[in-house]
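Peer 1: quick one: sequence plus predicted model below, questions after.
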Amino acid sequence: MDSAYPGFITDMVSEEQIRTTDRPNCMLCGGQGQPVYSGQRDRLFGAPGSWDFKVCSNRECRLIWLDPMPVKEDLGKTYANYYTHAAHSSAGRRVGLLKKIRALAERGYWANEYNYETDSNPFLARALGGLLYLSPIHRREADAGVRCLSALPQGRLLDVGCGSGEWLLEMRRRGWAVEGFDFDESAAKLARQNGLKVECGSLEEQNYPADYFDAVTLNHVIEHVPDPVHTLTECARILRSGGKLVLFTPNNTSLGHRLFREYWRGLEPPRHLHVFSMPSLRRALAAAGFPEMTILPFIVTSVIYESLLLRWGWTDFAGESPRNWPAWGLTRLFKFLELCLLPWNPSLGDCVIAVAVKK
């Protein structure tokens, strides 16, 4: 048995059943797990099984995790109908004027804040980009567009869990020497068809050289891995001194989680194995060799919107489903409320961005 999966493994009753292993204690601090949600089903993608969440009893940690948890060998079954690793084509889509202005403003912001070149209308782009400093939500979304990475021509960039590689293509256009990998072979194949260097498997299986990358990013990946500290430690090993690790993940102390509870989109059993709070994420990064980090709240429209739909009993909204306008209107109001509250309590953000630099 893999050492990352201590405990009892259930007998397989059928090919579709997902085998599990007991996880009674917090993998970060050893605190006892307290039941928080029981009998949860995969409402979105139909993975089999009934799932229970526990929360760490240590109030300075408060990690949430699945107990029992899928074994490593069966994790692929939880993604059988998953949609995020397909290529998303924008061909034939009309782009409205407001979206064009927003895109130009983001390019200007990236030029102002991160030293990227603008491909057209540089003066106008930089002027519009300056306006984003007045809008915390749009500014944070623009930060996420380049994952808080300053321009570094031919700097080596690795995206962990890159899917079909669309973001890597954008970063390659901005001058980075990009690589990626994903557990989904179909996604990796799509990425390679676009000329990207993308492998399949886990981070540890890639055997990257030590001190090799200038930046490593994990966009909503860390909640999916069975041993987050081990994964982050490998990120530290392959980063050069001064290299930057950037990750995004749901925040289990968010206002949305407090309101929507078991319907909160950030839980997503059984694919989200660990759901972090700001303190538990800080603890994980420190244990992996990143003693100094910045952790920022991030308002994510889709998390609020999809939590509302789940609470109302809607489950068929992945991909290109028509927008539910009442839910969308309430989402906008919720975002405004969250924005007002964050200066007093940053832990209420739907997600967090963690930026750590290797010493």
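Peer 2: Perfect, thanks for sending it. What you see is a predicted model, and the numbers here were worked out from it, not measured in a lab. Numbers count the residues shown, from 1 in each chain.
Peer 1: roughly how far does the residue nearest to the spatial centre of the chain sit from Asn251?
Peer 2: In the chain, the C-alpha closest to the average C-alpha coordinate belongs to His220, at a distance of 1.2 Å (C-alpha atoms, centre = their mean). His220 sits 12 Å away from Asn251, going by C-beta to C-beta, to the nearest Å. The C-beta positions use only the backbone N, C-alpha and C, and glycine is treated the same way.
Peer 1: which neighbours do those two share?
Peer 2: Where contact means C-beta atoms under 8 Å, 6 or more residues apart in numbering, the residues bridging His220 and Asn251 through contact with each are Cys351.
Peer 1: for the host helix or strand of Val303, packing partners?
Peer 2: With elements delineated by DSSP states H and E, Val303 resides in helix 301-311, which encompasses its position. Contact partners of helix 301-311 among helices and strands, from 3 or more C-beta pairs under 8 Å, 6 or more residues apart in numbering; DSSP states H and E: helix 255-260, helix 325-341.
Peer 1: wait, what's in contact with Pro228?
Peer 2: Residues counted as contacts of Pro228 (C-beta under 8 Å, 6+ apart) are 27, 222, 274, 284.
Peer 1: if we go to 6 Å?
Peer 2: Pro228 makes contact with 222, 274, 284 under the criterion C-beta atoms under 6 Å, 6 or more residues apart in numbering.
Peer 1: just the pLDDT for the residue lying closest to the second one once chain neighbours are set aside.
Peer 2: With C-beta to C-beta, 6 or more residues apart in numbering as the criterion, His274 has its nearest non-adjacent residue at 4.8 Å, and that residue is Trp65. Turning to Trp65, the model gives it a pLDDT of 98.
Peer 1: next one: Asn207
Peer 2: On the pLDDT scale, Asn207 is placed at 92.
Peer 1: do you know how far it is from Arg156?
Peer 2: Distance from Asn207 to Arg156, by C-beta to C-beta: 15 Å.
Peer 1: higher neighbour count, these two?
Peer 2: In this comparison of Asn207 against Arg156, neighbours counted by other C-beta atoms under 10 Å, the higher total goes to Arg156 at 19 against 7.
Peer 1: show me the residues around that one that make contact.
Peer 2: Residues touching Arg156, when contacts are defined by C-beta under 6 Å, 6+ apart, comprise 177, 213-214.
Peer 1: run a quick neighbour tally on Arg192.
Peer 2: Taking other C-beta under 10 Å as the definition, Arg192 ends up with a neighbour count of 15.
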